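In: Just need the structure, nothing else, for what follows:
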Amino acid sequence: MKKVSLEVTDHLVDYDNKVRALVFIQSFFDRGVGSGSGFVITESGLCFTCYHVVKGAKEIFVRLDDGEGHREVKPAFVQYFDEDDD
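Out: Model prediction:
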């Protein structure tokens, strides 16, 4: 699996109450929409996901859940990717 790091454009709100293990990622492309999962690794909003989830996306959104049904959707952008590392 190729890996990518995303930076969520807004800092996480109340990071301690987020379920850090997983985030839902939705990517918008010229020809449709894709989705995948990832995980948050820093309080500032750095996330990791697989490269194919965001490759060529025009817009990316990350959904954060607090484990109690409250959700936040935040825009994100690709900060780093490594096509060669599988």
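In: The closest residue to residue 30 other than its chain neighbours: what's it in contact with?
Out: Using Cβ to Cβ, 6 or more residues apart in numbering and skipping residues adjacent in sequence, the residue nearest residue 30 is residue 58, 6.6 Å away. C-beta: built from backbone N, CA, C; applies to glycine. Residues in contact with residue 58 (Cβ atoms under 8 Å, 6 or more residues apart in numbering) are 28-30.
In: Can you tell me which of those is closest to residue 62?
Out: Distance to residue 62 across these (Cβ to Cβ) is lowest for residue 28, with 12.7 Å.
In: and that closest one, what element?
Out: Under the criterion of DSSP states H and E, residue 28 resides in strand 23-29.
In: so after that strand, what's the next helix or strand?
Out: Scanning forward in sequence from strand 23-29, with DSSP H and E defining helices and strands, the next element found is strand 32-40.
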